[in-house]
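> after the sequence you'll find the predicted model.
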Amino acid sequence: MHTILVIDDDENLRDTIIVLLEQEGFRTLSAADGNVGLEKALTAKPSLILVDLRLPGMSGVDVCKAIRSARDSTPIIVLSAAGDEIDKVLLLEIGADDYVVKPFGTRELLARIRAVLRRVSPEAHQVLSFADTQVDLQRRVVSRKGAELKLTPAEYNLLTFFLQNPDRPLTRDMILNSVWGYESFPNTRTVDAHVVRLRQKLEPETDCPRHFLTVHGVGYRFLP
């Protein structure tokens, strides 16, 4: 049974989400501010975290950053108010897996939660490799020739998606929706920028890639 931590200072909304989740068979934990939420996230080890962007004590962005800085790979879904300006690139870089805009329907929230849980569940206790690179999916550690590499959360998420879809043409929209779960994105060139970074860190020759290949008119193909 999955445990979900709900971090939101709106008591009515928090209680509504908790009732919904428990009716669907989830266990729940809750916190009304960022500091308490961060403590529970790191000590209780929930299966997934729902965190509001606007929180007393510590903002939702800072909570996400602190969780990822602690090398905690628990999936995170950000809850944002309709009036918030959502910087989707920022959400990727701080390690958020998805976001939902308030007010949201119960079916949408449950669908997002289950989609994120499906994406992360096959990763447990797996180590994937190609060429001279190893990816420890449980620890979220990438090594090349035995030395650990530093990847941003967005780079790591893209790399694991490529690893799980070898020798398959992938469009930029498919990558955005499958990796980060967003229904829309301001600029698909974000994918191109992250592919360039992976090539710089993982290809034997950056200018002549062997693994992260461009498929003209389509997107990309990963060849192990």
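Noted; the coordinates are in hand. Numbers count the residues shown, from 1 in each chain.
> would you map out the domains in this structure?
The record's domain split for the chain, according to automatic domain parsing, is 3-122, 124-222.
> to the chain's geometric centre, what's the distance from the first one?
This means domain 3-122. 11 Å (CA atoms, centre = their mean, to the nearest Å).
> count the neighbours of the residue nearest to Leu42 when sequence neighbours are not counted for me.
Leaving aside its sequence neighbours, Leu42 sits nearest to Ala70 (CB to CB, 6 or more residues apart in numbering; 5.8 Å). No exception for glycine: its C-beta is placed from N, CA and C like everyone else's. The local packing of Ala70 (other CB atoms under 10 Å) involves 12 other residues.
> from what I can see Ala70 touches Glu39, true?
No - in this structure, Ala70 is not within contact of Glu39 by CB atoms under 8 Å, at 11.2 Å.
> so what's Leu92 scoring on pLDDT?
If you check Leu92, the pLDDT there is 68.
> what do you get for Leu198?
96.
> same check on the one 10 residues further on?
At Cys208, the pLDDT value in this model is 92.
> what's the spacing between it and Asp97?
33 Å (CB to CB, to the nearest Å).
> more neighbours: which of the two?
Shown here are Cys208 and Asp97; by other CB under 10 Å, Asp97 has more neighbours (27 against 8).
> phi first, then psi, for that one.
With angles defined as degrees, to the nearest 10, Asp97 sits at phi -90, psi -20.
> run through this protein and note the low-pLDDT ranges.
Applying pLDDT under 70 to the chain flags residues 82-90, 92, 121-125, 178, 180-187.
> any idea how far the one residue sitting closest to the centre of the chain is from Leu117?
What sits nearest the mean C-alpha location of the chain, by CA atoms, centre = their mean, is Asp97, with 2.6 Å. Per CB to CB, Asp97 is found 10 Å from Leu117.
> would you mind listing the residues touching both of the two?
By CB atoms under 8 Å, 6 or more residues apart in numbering, Asp97 and Leu117 have these common neighbours: Pro75.
> can you list the residue ranges for helices in this protein?
11-23, 34-44, 60-69, 88-93, 106-120, 153-164, 172-180, 189-202 (DSSP state H).
> quick one, which of the ones you listed is nearest to Phe130?
Nearest to Phe130 among the helices of the chain is helix 153-164; the distance by CB to CB comes to 7.1 Å.
> what are the contacting residues of the closest one?
Contacts of helix 153-164 (CB under 8 Å, 6+ apart): 68, 92-95, 97, 122-123, 128, 130, 135, 137, 140, 142, 151, 170, 175, 178-180, 191, 194-195, 197-198, 201-202, 212, 220, 222, 224.
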